[in-house]
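Enquirer: Sequence and predicted structure, then a few things I'm wondering about:
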Amino acid sequence: MAGDVLEYPDIAQEVKGAMNGGRLKLSSQGVLFKNNKTGIVEQIRAEDIEVGKWLRAARGYELKLFMKNGTVFKYDGFKDTDRADLADFLKKQYSVELEDVELSIKGWNWGSAQFNGKNEVILEFHQNDDAEVSLMEMRFYIPPSENSDTSLETFHQNVMAKADIIQATGDAITSLDQIPCLTPRGRYDIKIFPTFLQLHGKTFDYKIPYTTVLRLFLLPHKDQRQMLFVVSLDPPIVQGQTRYHFLIMSFSKEETISLDLNIAEEDLEQKYDGKLQKEMVGPIFEIVSRLMKALVARKITVPGSFKDSKGHQAITCSYKSNSGYLYPLERGFMYVHKPPIHVRFDEVACVNFARGTGSTRYFDFEIERKNGDVFVFSSIEKDDYSSLYEFVSNKKLRVKNRGMKHKGKAKDYDELFDSDDEGMHDAYLEQMKAEGREKADDDDDGDSDSSSDEDFNPDQSASDVAEEYDSNPSPSSGSETGGTKSDEEDQDYEAKEEGEIETQKEVKKRKKKEKKETSERKPKKKKKKKQNEDPNKPKRPASGYMLWLNETRSKLKEKYPDFGVADIAKKAGEIWNKLDNKEEWKEKANVLKEKYQEQMKVYNENRPDEPPEKKPKKKSKKPPTTTVSPKKQGSFKSKEYISSEDSSASEEENKSKGEEEEEINNSDK
């Protein structure tokens, strides 16, 4: 350490019983402490320090600095060896002696308490969310006394005089009527006092000291008609079990206001440095912003250079089941409004771009903090991906999936997340594939009664599929059109080599026309009907994954009520992939499978023969035999009354056979 500077990186500041970690730096100008949680730097001037004390504490040793105005700052986490350096530094730089304080660590601490009055007094304290244990209430009983005139009112006055308690007394600087607030929700009459802000609603009242204000934000709404004024609070305002860490007020851009401030002219110049005027006229959001900035002495944060695909400074998204707006700011992200979330860049460990669970038109943006908290903002439009990715890259935030392909354009969105999904194991898809392979193996082993569509070919048109009862089906459409598809491509290639001029577009147009004319000439044929399976056949058992899913599906629906069937299946696949006790479900599936195989063995042995009427009748190539009519015995049809279809079919067969013989003879020659 340098002689004129002392730095301690792991020191905790005690505030209202809570230990806030941070970094402590002592220099010749004063003491600086940076809070790791809020990022706020607190500065103490050297000339304001009056006394320094060194004492034993829970985390080692504690340094207490007493100010001339009575304020005390406590810093905990020092080592015993740090005392000498601190004592020398305080004496040399601040001319302050470091006193040792001895504490009683065993036995009893004795004292006296004197109360005068006639009743019981209750002192209530604000709850500190950062402290594991908080003092909430103290009760005092004031017994009656004949010799003393001190009453309960006197005790109350003494407490109010000694304690740091803000009272809503005196005149307010100004008042605002019926201001709409998003958090806490409702309309409130707001009174602005020199040291605090008071909200009066129909049900609840809130008092906000300016010392609890951390940051101020002024954010434009995406509808271009409203402005959101956000006040970050620590500690938050409390109503029952609800904590409000942010106060969000909504103002219309077009609404103007004229205020007369109840402040003396001297205070306007000396206390507020001329930042406020006696009469203020303008848009209401500008007036409130200027007032709060001057009274709280905090800068107002506004959106920076970020613009989405439509030129707005916010991104429409959802957090959990509530929709809102995400504002990428110059030093962090702000989400409004259910619940309001503020994440600084120095808190971010990494960000992640992921495909959404619903349509591919949207994606998710995940922010992971260094303490492990993850915020997932979903349903962001695909068009906003490029601008958001560019913003994150410019701020030098670590992107979790940066290793995948990216060119910085919105059109690469599908390529980015397709490559991510291809490498990710999908347990549900793999299970379905395994069941398909298992079913195919069982069909080959003996399920001959199951019908199969061998004649169906999805590449052929409906006219190319052979009819079930056709005795002489054509093998393919190539015999009628003059060749298969590959033959046609070879012919086009040869024609191009020979020098015939025909563009590729004309070739496609000609082929499409020929195919259309051919399909119009061919009569439509009936599709082959699938035979019904035997109802007595044993049903195939479920796999281990399906057994687990049947018991888990109801729990998943309760946990994710907004998910559809596909989303539930995908989520179940992810959970199954991470499940440790899969063997339990696989054993259950194996037991059911063995039972099914035994049932199939018995079924195959005792299966009745297929009824003859179900078998298709094949057409005979021979001419039909003559039949005798039951009414006219002895009458019959002669050969000339045979249908012309069979005769024409036989003539075509003879003709084709003759052509084949001629081709064989020519080849022999």
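Expert: Thanks, I have the structure now. As the structure is a prediction and not an experimental result, all values here were calculated from the model. Numbering: from 1, shown residues only.
Enquirer: Please identify the helix or strand for Leu295.
Expert: Element membership of Leu295 [criterion: DSSP states H and E] is helix 284-296.
Enquirer: now do Thr360
Expert: Using DSSP H and E, Thr360 falls outside every helix and strand.
Enquirer: same check, this time on Ser250
Expert: Ser250 belongs to strand 242-252 when elements are defined using DSSP H and E.
Enquirer: in that strand, what's buried?
Expert: By neighbour count on 16 or more other C-beta atoms under 10 Å, the buried set for strand 242-252 is 244-251. Using the backbone N, CA and C atoms, a C-beta is placed for each residue, glycine as well.
Enquirer: among those, which two are most distant?
Expert: The largest separation in the buried residues of strand 242-252, counting by C-beta to C-beta, is between His245 and Phe251 at 20.7 Å.
Enquirer: Please name the bridge partners of Lys64.
Expert: Under the criterion DSSP bridges, Lys64 forms beta bridges with Lys53, Lys74.
Enquirer: Please shift the residue numbers so they start at 3 in all later answers.
Expert: Yes, from this point I'll number from 3; that puts the last item at Lys66.
Enquirer: That one touches Val74, doesn't it?
Expert: Yes. Here Lys66 reaches Val74: they are 6.1 Å apart, a contact under C-beta atoms under 8 Å.
Enquirer: Which residue of those two possesses the greater neighbour count?
Expert: A side-by-side neighbour count of Lys66 and Val74, using other C-beta atoms under 10 Å, places Lys66 first with 19 against 11.
Enquirer: For the more buried one, give me its contacts.
Expert: By C-beta atoms under 8 Å, 6 or more residues apart in numbering, Lys66 lies in contact with 54-57, 74-77, 103.
Enquirer: just Ala86 next, same as before
Expert: Ala86 touches nothing, counting by C-beta under 8 Å, 6+ apart.
Enquirer: Tell me if it really is in a strand.
Expert: No. Assigned with DSSP: H, G, I helix; E, B strand; the rest coil, Ala86 falls outside any strand and is helix.
Enquirer: so how far is Trp56 from it?
Expert: As judged by C-beta to C-beta, to the nearest Å, Ala86 and Trp56 stand 10 Å apart.
Enquirer: Just send the contacts of Lys66 back as JSON lines, with pLDDT and distance to Lys18 too.
Expert: Shown next, in JSON lines, are these (pLDDT from 0 to 100; distance: C-beta to C-beta, whole Å):
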{"residue": "Gly54", "pLDDT": "92", "distance to Lys18": "21"}
{"residue": "Lys55", "pLDDT": "92", "distance to Lys18": "19"}
{"residue": "Trp56", "pLDDT": "92", "distance to Lys18": "22"}
{"residue": "Leu57", "pLDDT": "90", "distance to Lys18": "19"}
{"residue": "Val74", "pLDDT": "90", "distance to Lys18": "12"}
{"residue": "Phe75", "pLDDT": "92", "distance to Lys18": "13"}
{"residue": "Lys76", "pLDDT": "92", "distance to Lys18": "11"}
{"residue": "Tyr77", "pLDDT": "92", "distance to Lys18": "15"}
{"residue": "Val103", "pLDDT": "88", "distance to Lys18": "21"}
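Enquirer: Regarding the chain, what is its longest strand?
Expert: Taking DSSP state E as the criterion, the chain has its longest strand at strand 228-241.
Enquirer: remind me which residues of this protein are low pLDDT?
Expert: In the predicted model of the chain, residues 3-5, 107-122, 126-132, 134, 144-154, 164-172, 360, 404-507, 520-535, 610-671 satisfy pLDDT under 70.
Enquirer: how does it divide into domains?
Expert: Domain assignment for the chain by the TED database gives 7-102, 122-164, 176-303, 317-397, 546-598.
Enquirer: and those domains as CSV, adding distance to Glu516?
Expert: As requested, the domains of the chain are arranged in CSV below (distance: least, C-beta to C-beta, whole Å):
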stretch, distance to Glu516
domain 7-102, 74
domain 122-164, 79
domain 176-303, 56
domain 317-397, 38
domain 546-598, 42
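Enquirer: Determine which of those domains approaches Lys517 most closely.
Expert: Nearest to Lys517, of all the domains of the chain, is domain 317-397, at 33.6 Å by C-beta to C-beta.
Enquirer: What is the end-to-end distance of that closest one?
Expert: This stretch, domain 317-397, spans 17 Å end to end (C-alpha to C-alpha, to the nearest Å).
Enquirer: again, but for stretch 573-590
Expert: Stretch 573-590 has an end-to-end distance of 23 Å (C-alpha to C-alpha).
Enquirer: before we move on, the earlier item: just checking: what are the partner strands of the strand holding Ser252?
Expert: Using DSSP bridges, the strands paired with strand 244-254 in its sheet are strand 176-185 (antiparallel), strand 228-241 (antiparallel).
Enquirer: Which among those strands is found nearest to Asn538?
Expert: Proximity to Asn538 (C-beta to C-beta) singles out strand 176-185 among the strands paired with strand 244-254, at 65.3 Å.
Enquirer: what packs against the helix or strand following the closest one?
Expert: Next helix or strand after strand 176-185 toward the C-terminus (DSSP H and E): strand 188-194. Judged by 3 or more C-beta pairs under 8 Å, 6 or more residues apart in numbering; DSSP states H and E, the packing partners of strand 188-194 are strand 176-185, strand 198-202.
Enquirer: strand partners of strand 188-194, parallel vs antiparallel please.
Expert: Sheet pairing for strand 188-194, assigned by DSSP bridges, gives strand 176-185 (antiparallel), strand 198-202 (antiparallel).
Enquirer: could the ones you listed go into TSV alongside mean neighbour count?
Expert: Putting the strands paired with strand 188-194 into TSV (neighbours: other C-beta atoms under 10 Å) gives the following:
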stretch	mean neighbour count
strand 176-185	16
strand 198-202	19
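Enquirer: out of those strands, nearest to Val376?
Expert: Proximity to Val376 (C-beta to C-beta) singles out strand 176-185 among the strands paired with strand 188-194, at 22.4 Å.
Enquirer: got the CA coordinates for the closest one in PDB?
Expert: The C-alpha coordinates for strand 176-185 follow below in PDB (Å, rounded to 0.1, in the frame of the first residue of the first chain):
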ATOM      1  CA  THR A 176     -46.000  21.800  -3.800                       C
ATOM      2  CA  SER A 177     -48.800  19.300  -4.400                       C
ATOM      3  CA  LEU A 178     -49.900  17.100  -7.300                       C
ATOM      4  CA  ASP A 179     -53.400  15.700  -7.500                       C
ATOM      5  CA  GLN A 180     -54.400  12.300  -8.800                       C
ATOM      6  CA  ILE A 181     -51.200  11.200 -10.300                       C
ATOM      7  CA  PRO A 182     -51.400   7.700 -11.900                       C
ATOM      8  CA  CYS A 183     -48.900   5.200 -10.500                       C
ATOM      9  CA  LEU A 184     -48.000   1.800 -11.900                       C
ATOM     10  CA  THR A 185     -46.200   0.700  -8.700                       C
END
